[in-house]
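K.L.:
Kindly return the folded structure for what I paste below:
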Amino acid sequence: MGIIQAQASAKGVPTKALWKQHRSAERARKMARRVRLVLQSSNQQGALQAVTGPTPEGHRQEFTTKSSLEKACLEEAGRRFTQANNTPMLQTNMIQRFGEIGANRPEFKKVLARKSQPLPTDDIYTTKLLQHLNRPPNIIDLPPRSLQEYTMGWRKSRETTASSLLGIHFGHYMAGTFNPEIAIFNVTMADLPMRTSYSPQRWRKGLNVMLEKTPGNFNVEKLRIILLFEADFNANNKWIGRAVMFNAEINDLLADKQYGSCRNKAAVLQCLNKGLFYDLLRQMKKPAALCLNDAKSCYDRITLLAAALCLCRLGAPINAVKCMTTTIHRMNHHIHTIYGDSQQSANHNLWAAPIASIGQGNGTGPSIWAAVSSPMFEVMCQEGFYALLQGAISLQNRTIAGFAFVDDTDLCVTHPTDQANQVAGHMQKAVTLWEGLLHATGGALVPEKCFWYLVAFEHSNNRWKYLKCNQAPGNITILDMD
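P.N.:
Numbers count the residues shown, from 1 in each chain. This is a model prediction of the structure:
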């Protein structure tokens with residue numbers, strides 16, 4: 001009764017109405033429990049019980065004991081987080097100038113100010129990308145987070161959201177927002193690391209939860225690693241992501257081709273755009289090519305240097321970004337299995353190789369990918385790899401470099417000659433450039449998830465027809481990073 005009265009007073013609503021709302025919610029919960037019981041289904045996967053992985057002798061073996069299961073999972077985490085160590089930003093010459101984190105080096109600020117000449121890399125794609133990572137003159141650092149932003153961020157969270165090892169869960173921070181003194185203390189303690197670039201030891205413990213991508217497939221290489229961060233650290237990450245995206249949108253710094261993580265945009269709208277694109281091609285009888293490609297292990301291959309540069313370009317304070325990337329770089333990875341949270345852990349010192357990955361589960365993750373992909377599209381447009389179309393009614397010209405939703409990207413090109421063979425050759429150059437730019441950030445394409453289509457027409461017997469494959473042959477090649 002006291003809780004209801006306190007909530008009614010805090011929200012300014014009648015006690016009777018709040019009682020009715022709670023009773024209705026409880027009835028819905030009971031009904032949902034009955035439905036789940038009848039259907040014997042659950043939306044949550046159980047804790048990991050076993051995996052199948054390689055042995056030192058090169059055979060496959062099932063690991064079920066506590067020690068062997070944790071060891072196999074930590075070894076896979078090491079392989080996953082170091083798979084980008086052959087990419088340009090993790091090579092010796094770049095690490096000597098920037099370090100793996102980047103934000104604590106003078107060269108980092110020179111790139112943002114476009115004063116780094118010559119650029120410290122022989123890779124032409126990395127050079128092209130770095131030239132587009134300068135911060136525009138009108139962009140200044142984001143203002144510090146207000147108490148109201150901190151409070152609203154926590155009150156919109158779910159209490160049941162899992163966090164890391166130490167047992168301070170979302171409910172503690174959510175409850176603290178209702179007490180002014182606790183809220184002020186918590187926001188101060190959370191903001192200090194962002195303002196000073198300090199990385200607390202408590203934040204450097206992450207919990208890897210490995211989930212099935214395909215039901216029943218327990219091959220350790222095919223499991224998705226979700227990295228659970230400390231709740232207050234990830235709340236900071238979420239605030240950075242929201243603030244950076246808002247700042248980038250009002251200053252028109254995001255590629256209009258990217259529909260992931262952006263306000264008032266959705267995958268279904270991007271599908272509509274693609275359908276309208278096909279309509280315009282058909283109306284104009286204009287040959288074009290599209291390449292559907294998917295980035296491999298998207299978040300797990302983004303280098304911390306690329307993430308830091310792209311965030312700071314959009315207004316994120318260098319100290320706040322350094323706090324985040326330093327914490328991720330020095331993270332001690334534990335594993336959650338059916339045996340509980342592991343005592344043994346692994347980190348970059350054990351793996352002894354340059355690491356990438358911003359961590360799936362990072363609250364800034366979607367914003368980082370939007371920030372990384374936007375300059376990539378800028379390079380594509382500057383190099384002339386886009387489709388030039390004219391509206392059938394307005395007669396206005398429009399350039400379209402592609403259709404992207406997070407890491408799923410459809411590149412599209414036309415050619416001034418309107419010749420199908422020229423369009424195919426132009427698409428090969430576009431794919432090579434896109435793959436090179438993606439490689440510069442730490443990424444790679446998945447060959448089995450990449451497809452391309454050539455759309456061309458012919459006029460025969462007073463009718464327009466689509467050309468078939470044998471009438472307009474062509475091949476597009478990409479690198480297989482495996």
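
K.L.:
Just the element for the residue nearest to Met189 when sequence neighbours are not counted, please.
P.N.:
Ranked by Cβ to Cβ, 6 or more residues apart in numbering and with sequence neighbours excluded, the top spatial neighbour of Met189 is Asp232, at 7.7 Å. For glycine as for every other residue, the C-beta is placed from the backbone atoms N, C-alpha and C. Counting by DSSP states H and E, the secondary-structure element that holds Asp232 is helix 231-250.

K.L.:
Could I get the average pLDDT for that helix?
P.N.:
In this model, helix 231-250 carries a mean pLDDT of 95.

K.L.:
now stretch 63-71
P.N.:
In this model, stretch 63-71 has an average pLDDT of 94.

K.L.:
what's next to stretch 79-95, contact-wise?
P.N.:
Residues outside stretch 79-95 that contact it (Cβ atoms under 8 Å, 6 or more residues apart in numbering) are 98, 100, 120-123, 125-126, 221, 225, 297, 300-301, 303, 305-306, 351, 353-357, 439-444.

K.L.:
In contact with Gln61, which residues?
P.N.:
Gln61 makes contact with Thr52, Gly53, Pro54, Thr55 under the criterion Cβ under 8 Å, 6+ apart.

K.L.:
Leu223 is in contact with the second one, correct?
P.N.:
No. Gly53 is beyond contact range of Leu223, at 9.8 Å (criterion: Cβ atoms under 8 Å).

K.L.:
where do the contact lists of the two overlap?
P.N.:
With contacts taken as Cβ under 8 Å, 6+ apart, Gly53 and Leu223 have Glu76 as neighbours in common.

K.L.:
just to revisit the earlier point, among the contacts of Gln61, which one is most surrounded by other residues?
P.N.:
Neighbours here are counted as other Cβ atoms under 10 Å. On that basis the top member of the contacts of Gln61 is Gly53, with 20 neighbours.

K.L.:
To what extent is the residue nearest to it when sequence neighbours are not counted buried, counted in neighbours?
P.N.:
Here the nearest residue to Gly53 in space, its sequence neighbours aside, is Val220; by Cβ to Cβ, 6+ apart that works out to 4.0 Å. Counted with other Cβ under 10 Å, the burial measure for Val220 works out to 22 neighbours.

K.L.:
Next: Leu309.
P.N.:
Counted by other Cβ under 10 Å, the residues lying close to Leu309 total 27.

K.L.:
now Phe385
P.N.:
Summarising burial for Phe385: neighbours were counted as other Cβ under 10 Å, giving 23.

K.L.:
now do the one 3 residues further on
P.N.:
Around Leu388 sit 15 other residues, with neighbours defined as other Cβ under 10 Å.

K.L.:
again with Lys296
P.N.:
For Lys296, the number of neighbouring residues by other Cβ under 10 Å comes to 18.

K.L.:
same thing with His169?
P.N.:
15.

K.L.:
secondary structure element for the closest residue to it other than its chain neighbours?
P.N.:
Setting aside the residues directly before and after it, His169 is nearest to Ser163 in space (Cβ to Cβ, 6+ apart), at 5.6 Å. Assigning secondary structure by DSSP H and E places Ser163 outside every helix and strand.

K.L.:
Make sure Glu100 is actually in contact with Ala353.
P.N.:
No. Contact criterion Cβ under 8 Å: Glu100 and Ala353 do not qualify, at 10.3 Å.

K.L.:
Looking at these two, which one has more neighbours?
P.N.:
More neighbours surround Glu100 than the other of Glu100 and Ala353, with 19 against 15 (other Cβ under 10 Å).

K.L.:
which residues does that one contact?
P.N.:
For Glu100, the contacting residues are Leu90, Thr303, Leu304, Leu305, His329, Pro354, Ile355, taking Cβ under 8 Å, 6+ apart as the criterion.

K.L.:
how near is it to Phe108?
P.N.:
When Cβ to Cβ, to the nearest Å is the yardstick, Glu100 and Phe108 sit 12 Å from each other.

K.L.:
ditto for Leu305
P.N.:
With distances taken as Cβ to Cβ, Leu305 is found 8 Å from Phe108.

K.L.:
Tell me, how many residues neighbour the residue nearest to His169?
P.N.:
Residues contacting Ser163 under the criterion other Cβ under 10 Å number 21.

K.L.:
my guess is it contacts Leu228, does it?
P.N.:
Yes. The pair Ser163 and Leu228 qualifies as a contact (Cβ under 8 Å) at a distance of 5.7 Å.

K.L.:
Please give me every residue in contact with Arg145.
P.N.:
Taking Cβ under 8 Å, 6+ apart, one finds Val187, Asp191, Met194, Trp239, Ala243 in contact with Arg145.

K.L.:
Tell me how many other residues crowd Tyr363.
P.N.:
Residue 363: Gly, not Tyr. By other Cβ under 10 Å, 20 other residues sit near Gly363.

K.L.:
sorry, back to before: filter the contacts of Glu100 down to the ones in helices?
P.N.:
Among the contacts of Glu100, DSSP state H puts Leu304, Leu305, His329 in helices.

K.L.:
Which single one of the residues you listed is nearest to Leu69?
P.N.:
His329 (26.1 Å; Cβ to Cβ).

K.L.:
Next one: the closest one, what pLDDT does it get?
P.N.:
Residue-level pLDDT assigned to His329 equals 95.

K.L.:
wait, doesn't it sit right on Asn349?
P.N.:
No. Under the criterion of Cβ under 8 Å, His329 lies out of contact with Asn349, with a separation of 10.7 Å.

K.L.:
The two: who's more crowded?
P.N.:
Here His329 and Asn349 are set side by side on neighbour count (other Cβ under 10 Å), and the busier one is His329, at 19 against 8.

K.L.:
From Cys323, how far out is that one?
P.N.:
On the measure of Cβ to Cβ, His329 and Cys323 end up 11 Å apart.

K.L.:
do Thr188 as well
P.N.:
Applying Cβ to Cβ to Thr188 and Cys323 gives a distance of 15 Å.

K.L.:
out of these two, which sits in the more crowded spot?
P.N.:
Cys323 (26 against 11).

K.L.:
now the residue nearest to that one when sequence neighbours are not counted, what's its secondary structure?
P.N.:
For Cys323, the nearest residue in space outside its immediate sequence neighbours is Pro193; the separation is 4.7 Å by Cβ to Cβ, 6+ apart. Three-state assignment for Pro193 (DSSP: H, G, I helix; E, B strand; the rest coil): helix.

K.L.:
Please list all residues in contact with Pro193.
P.N.:
Under the criterion of Cβ under 8 Å, 6+ apart, the contact list for Pro193 reads Ser199, Pro200, Trp203, Asn236, Cys323.

K.L.:
The third one - that's part of a strand, no?
P.N.:
No. Counting by three-state DSSP, one finds Trp203 to be helix, located in no strand.

K.L.:
Now do the contacts for the residue lying closest to it once chain neighbours are set aside.
P.N.:
The shortest distance from Trp203 to any residue other than its chain neighbours is 4.3 Å, reached at Phe233 (Cβ to Cβ, 6+ apart). For Phe233, the contacting residues are Pro200, Trp203, Thr327, taking Cβ under 8 Å, 6+ apart as the criterion.
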